[in-house]
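**Student:** here is a sequence together with a model predicted from it:
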Amino acid sequence: LGADIDLKGNEKNPWTPIGSGEKLFEGILDGDGHTIRGLYVGKPMKGEEKNNQGLFAKNGGTIQNLTVEGAVWGHSGIGGIAGDNTGTITGCTNKVNVNGGESVGGIAGVNKGWIEKSENHGSITGMNSKDFGESFSLSVKLEGGIGGIAGGNYTNVVHNEVMGGQITGCINRGEIKRPG
């Protein structure tokens, strides 16, 4: 990005996450230290399940050096930067208040890729989350959880090599809530 961006999102002007539907974001977004403000991904209507919600629905590319501010609601796979991450997120800061049912995280709702050197400052609320934690390390495999960095981090060890979700050098500074 060459400058900060204000999406001016609200209930009447909600954001459609990048990489929604069958399409996966596979490019590179370098925020170059800039901020995207006014992100608003609306509350699901009664009976509707909104999954993979955030600035990006599904990230398979690289998102770096970006700060995001706003509010996101959804059901499962809800994050400030990405709902579902199979790519790389590095040097990013989330200041989005994230609200969902399960797999709710500040940076990513579900992580199967790399998240590094990133911070969460947003409030994270998971209504139906099964597991609860400040953030997740390399070896954690939690499903349907809530966390400052990722709500679910999926890793596998194949031939003594860790594959999948990696979280390194990240900090959670936001509040994590599970009502009830």
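**Tutor:** That came in fine, so what should we check first?

**Student:** give me the mean pLDDT for the longest strand that the chain contains.
**Tutor:** Secondary structure of the chain per DSSP state E: the longest strand is strand 28-41. When pLDDT is averaged over strand 28-41, the result is 98.

**Student:** list the buried residues for that strand?
**Tutor:** Within strand 28-41, the residues that qualify as buried are 29, 31, 35-41, counting by 16 or more other CB atoms under 10 Å. In this view, the C-beta of every residue, glycine as well, is placed from N, C-alpha and C.

**Student:** and stretch 102-121, by the same measure?
**Tutor:** 102-115, 118-121.

**Student:** ok, residue 52 - contacts?
**Tutor:** Residues near residue 52 by CB atoms under 8 Å, 6 or more residues apart in numbering: 17, 20, 58, 74, 76-78, 83-84, 109-110.

**Student:** drop anything exposed from those.
**Tutor:** So, by 16+ other CB under 10 Å, the buried ones in the contacts of residue 52 are 17, 58, 74, 76-78, 83-84, 109-110.

**Student:** in the protein, what helix or strand scores lowest on average pLDDT?
**Tutor:** strand 132-133 (a mean of 49; mean pLDDT, DSSP states H and E).

**Student:** for the helix or strand just after it, which strands pair with it and how are they oriented?
**Tutor:** Beyond strand 132-133 on the C-terminal side, the first helix or strand identified by DSSP states H and E is strand 146-147. Sheet pairing here is set by DSSP bridges, and for strand 146-147 it gives strand 102-105 (parallel), strand 132-133 (parallel).

**Student:** and the helix or strand just after strand 146-147, average pLDDT?
**Tutor:** With elements assigned by DSSP H and E, the helix or strand that comes after strand 146-147 is strand 150-153. The pLDDT scores in strand 150-153 average 90.

**Student:** helices or strands next to strand 150-153 in the packing?
**Tutor:** strand 76-79, strand 102-105, strand 108-111 (3 or more CB pairs under 8 Å, 6 or more residues apart in numbering; DSSP states H and E).
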